[in-house]
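[1] model this:
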Amino acid sequence: MLRDMPARDRSLAVLVAVLWGLNFTAIHLSLEQFPPFLLVALRFALIAVPTVLLVRRPAAPWRWVLLYGLGFGVLQFLFLYLAMDSGMPTGLASLVLQSSAPFTVVLAAALLRERITARQGVGVAVAVVGLGGIALHRAGLDGGATLLPVVLTLCGGLGWAVGNLGNRLAMRAAPGEPLRLLLWMSVIPPLPMLAASLVVEGPERIAASFDGLATTQGLLAIGGLLYTVLVGTLLGSGLWSALMGRHPSSTVAPFSMLVPVVGIAASWLLLREATPLVEIAWGVVVVGGVLLGSTRGVPSWWPGRARRSATGHPTTGRPATERPTTGRDRDAGELDDRTRVLR
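    Numbering: from 1, shown residues only. Below is the predicted model of the structure:
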């Protein structure tokens with residue numbers, strides 16, 4: 001049986017959403033200086049080089065590490081950076097990319113046979129409604145995203161979902177190694193992305209992007225790159241990997257839908273992208289859906305919830321009827337403890 005996500009892990013999931021929401025502003029600043037494919041290659045190369053030299057490989061089968069790296073590192077950021085370079089607004093990019101959450105839930109149910117509770121399904125549906133409301137409003141604004149950048153960002157969301165499954169499978173095979181897994185996942189994107197940059201963007205554009213790094217634009221681009229590497233990838237993705245290893249994908253993935261709330265707010269505060277009140281209202285719907293889908297049953301603080309005794313029976317303030325503990329009860333308890341450890 002699935003258990004409630006502990007409050008500490010829910011707090012960590014929210015923290016990751018904040019870090020990743022600010023990530024989009026950092027990406028925007030970096031794309032002002034560097035072409036998209038080269039930027040992805042630089043982002044992961046800064047992690048890959050010291051990883052190969054200093055970090056021992058994870059115990060997980062290489063095929064799952066490769067799936068994680070191709071989905072999370074290559075497909076997600078190839079399409080996301082290309083979309084943002086093609087005119088996708090920063091706030092809207094943070095919104096549409098969260099399509100990874102329903103993609104992950106569906107793929108996990110279809111491929112990993114993970115059970116989705118009715119409460120989680122409703123929570124995801126509510127959050128999707130909130131995301132859809134923001135998307136429809138953004139689509140009607142002057143200068144809104146064209147169809148192609150939206151489709152590219154959706155492809156990035158699907159890539160993120162594929163990476164989530166690879167991470168989940170790798171963590172099953174080698175639990176307790178989220179950071180090592182993340183670091184070695186980062187070894188995969190640099191070479192294919194550098195090859196794509198040379199073919200699509202060309203050596204001249206690559207060389208030109210390194211001119212003017214001492215200017216304000218160049219310094220902001222470097223700062224954005226360092227944020228995505230140190231905060232967005234190492235800290236944010238490291239925490240996310242740990243959460244995905246401890247809980248089912250369908251429990252963790254909905255928290256990613258909090259990212260656009262932070263992303264839209266950050267784009268308004270830092271990039272002066274307008275954020276109408278209607279989008280804030282839809283963002284509240286997203287938050288409500290995530291909270292609904294991340295817990296099971298009635299919360300302990302909910303008024304009128306029946307208190308439970310140590311035996312697990314509802315009480316009304318009077319002690320439950322007790323009976324002597326038998327040897328069979330003790331054996332069953334020991335078996336349940338062993339089963340809990342295996343889970």
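
[2] Name the residues of stretch 231-242 that come out as buried.
    231-234, 236-242 (16 or more other C-beta atoms under 10 Å). Using the backbone N, CA and C atoms, a C-beta is placed for each residue, glycine as well.

[3] export the residues you listed to TSV and tack on pLDDT and secondary structure?
    Shown next, in TSV, are the buried residues of stretch 231-242 (pLDDT from 0 to 100; DSSP: H, G, I helix; E, B strand; the rest coil):
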residue	pLDDT	secondary structure
Val231	93	helix
Gly232	89	helix
Thr233	85	helix
Leu234	86	helix
Gly236	89	helix
Ser237	81	helix
Gly238	80	helix
Leu239	87	helix
Trp240	83	helix
Ser241	76	helix
Ala242	81	helix
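
[4] CSV for these, including distance to Ala60?
    CSV is the format used below for these (distance: C-beta to C-beta, whole Å):
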residue, distance to Ala60
Val231, 25
Gly232, 23
Thr233, 19
Leu234, 19
Gly236, 20
Ser237, 16
Gly238, 15
Leu239, 18
Trp240, 16
Ser241, 11
Ala242, 14
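
[5] Check the residues you listed against Gly130 and report the nearest one.
    Trp240 (21.1 Å; C-beta to C-beta).

[6] May I ask you to confirm that the closest one is in contact with Val16?
    Yes: assessed by C-beta atoms under 8 Å, Trp240 is found in contact with Val16 at 5.2 Å.

[7] Overlap in contacts, these two.
    Common contact partners of Trp240 and Val16 (C-beta atoms under 8 Å, 6 or more residues apart in numbering): none.

[8] sorry, back to before: of the buried residues of stretch 231-242, which is the nearest to Ala59?
    For the buried residues of stretch 231-242, with Ala59 as the reference and C-beta to C-beta as the criterion, the closest is Ser241, at 14.5 Å.

[9] Identify the residues contacting the closest one.
    167, 171, 178-179, 181-182.

[10] Hmm, which of these is lowest in pLDDT?
    Within these, pLDDT reaches its minimum at Pro178, with 79.

[11] That residue contacts Gly245, doesn't it?
    Yes: when contacts are counted by C-beta under 8 Å, Pro178 is listed as touching Gly245 (5.6 Å).

[12] where do the contact lists of the two overlap?
    Met171.

[13] so who does the residue nearest to Leu169 when sequence neighbours are not counted touch?
    Once flanking residues are discounted, Leu169 sits nearest to Trp64: 4.4 Å by C-beta to C-beta, 6 or more residues apart in numbering. By C-beta under 8 Å, 6+ apart, Trp64 lies in contact with 166, 169-170, 173.

[14] Then Val96?
    Val96 neighbours (C-beta under 8 Å, 6+ apart): 88, 135, 150, 153-154, 157.

[15] Between the contacts of Ser241, which sits nearest Ala83?
    Asn167 (22.7 Å).

[16] So what's the residue count around that closest one?
    The number of residues packed near Asn167 is 29, by other C-beta atoms under 10 Å.

[17] which stretch of helix or strand covers it?
    Using DSSP states H and E, Asn167 sits within helix 147-173.

[18] So which elements touch that helix?
    helix 62-68, helix 76-85, helix 90-96, helix 100-111, helix 178-185, helix 238-246, helix 249-252 (3 or more C-beta pairs under 8 Å, 6 or more residues apart in numbering; DSSP states H and E).

[19] Much appreciated, bye for now.
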